[in-house]
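# structure, please.
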Amino acid sequence: MLAAGLRGLPGRAALLGRGVPSLVPSRGRKTRFDPPAKSKADRIKVPPPVDPAELLVILDRYEQYRRVVSALRFEMKEEVQFKSYDLKYGETAKLRKKAEDDEHQRLMALNDAENKRLLERRLERLRKAELLEKSRKLESDQHREVFQEEFLKKKEEEVLQLQEESQNFITLENLDQRIEECLNKTQNYNFAIDKDGRIVKRTAVS
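The predicted structure is shown next:
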């Protein structure tokens with residue numbers, strides 16, 4: 001019987017996630033299957049003597065204690081259940097729900113006020129940005145107009161200058177005249193100049 005029980009121990013231990021129990025007694029204790037020592041072989045366990053009158057008193061007092069504890073336990077349980085019911089469905093629950101609703105309304109009003117304040121700030125910021133953008137655009141248009149006017153004025157001056165210079169251009173029509181003017185014009189470059197660019201000496205034309 002013992003061998004059959006021991007054969008099943010490794011499998012049960014593996015299923016329970018525990019190691020195989022040691023068959024060696026721990027701290028020198030005997031197993032339940034070992035025989036008693038020779039010095040205690042003839043020992044007979046005798047229960048201590050009990051006084052019948054004292055036993056009746058103890059049993060009566062224990063019965064009273066059990067009844068008192070049961071009554072207290074029942075009263076505490078009833079009080080806990082009453083408090084739980086009151087917290088869920090009673091007057092306390094109504095007061096708590098009313099307080100939660102009031103708090104929710106207060107927070108919603110605070111949230112609406114904060115949203116309104118942020119909306120006003122955002123609209124004011126957008127208005128300022130729009131005014132700044134208009135000012136920048138106007139300034140840019142003015143700069144563009146000034147630049148175009150200066151550009152047109154510069155081009156007009158260039159055209160006028162080219163028109164004036166075109167009078168001295170050599171063309172096929174005035175080529176002979178220009179050649180004749182150059183041949184008839186005498187220019188003497190035999191002279192010296194000072195530091196200021198003035199002519200200081202000139203020789204006579206031969």
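
# model confidence for residue 41, exactly?
Note on residue 41: pLDDT of 82.

# quick one: the helices in the protein?
Secondary structure of the chain, counting by DSSP state H: helices at 2-7, 9-16, 52-88, 91-166, 175-184.

# out of these, flag the one nearest residue 30.
For those, the distance to residue 30 is smallest for helix 2-7, at 14.8 Å, taking Cβ to Cβ. Quick note: C-beta positions are derived from backbone N, CA and C, even for glycine.

# ok, which of the helices of the chain comes nearest residue 43?
Judged by Cβ to Cβ, the one of these that comes nearest to residue 43 is helix 2-7, at 25.1 Å.

# tell me which helix or strand in the protein has the weakest average pLDDT.
helix 2-7 (a mean of 46; mean pLDDT, DSSP states H and E).

# where does this structure dip in pLDDT?
Low-confidence segments of the chain (pLDDT under 70): 1-27, 201-206.

# go again using 80 as the cut-off
Within the chain, the set of residues satisfying pLDDT under 80 comprises 1-28, 87, 90, 92-93, 166-169, 185-191, 200-206.

# now render the helices of the chain as TSV, adding mean neighbour count and distance to residue 30.
Putting these into TSV (neighbours: other Cβ atoms under 10 Å; distance: least, Cβ to Cβ, whole Å) gives the following:
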stretch	mean neighbour count	distance to residue 30
helix 2-7	8	15
helix 9-16	11	19
helix 52-88	10	35
helix 91-166	10	62
helix 175-184	10	148
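
# put together CSV for those helices, with distance to residue 44 on each row.
CSV is the format used below for the helices of the chain (distance: least, Cβ to Cβ, whole Å):
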stretch, distance to residue 44
helix 2-7, 27
helix 9-16, 35
helix 52-88, 23
helix 91-166, 65
helix 175-184, 163
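
# quick check: which of the ones you listed is nearest to residue 28?
helix 2-7 (20.8 Å).

# the spatially closest residue to residue 93 that is not a sequence neighbour and residue 94: what is the separation?
Once its chain neighbours are removed from consideration, residue 93 has its nearest residue in residue 87; the separation is 5.8 Å (Cβ to Cβ, 6 or more residues apart in numbering). Relative to residue 94, residue 87 is positioned 11 Å away (criterion: Cβ to Cβ, to the nearest Å).
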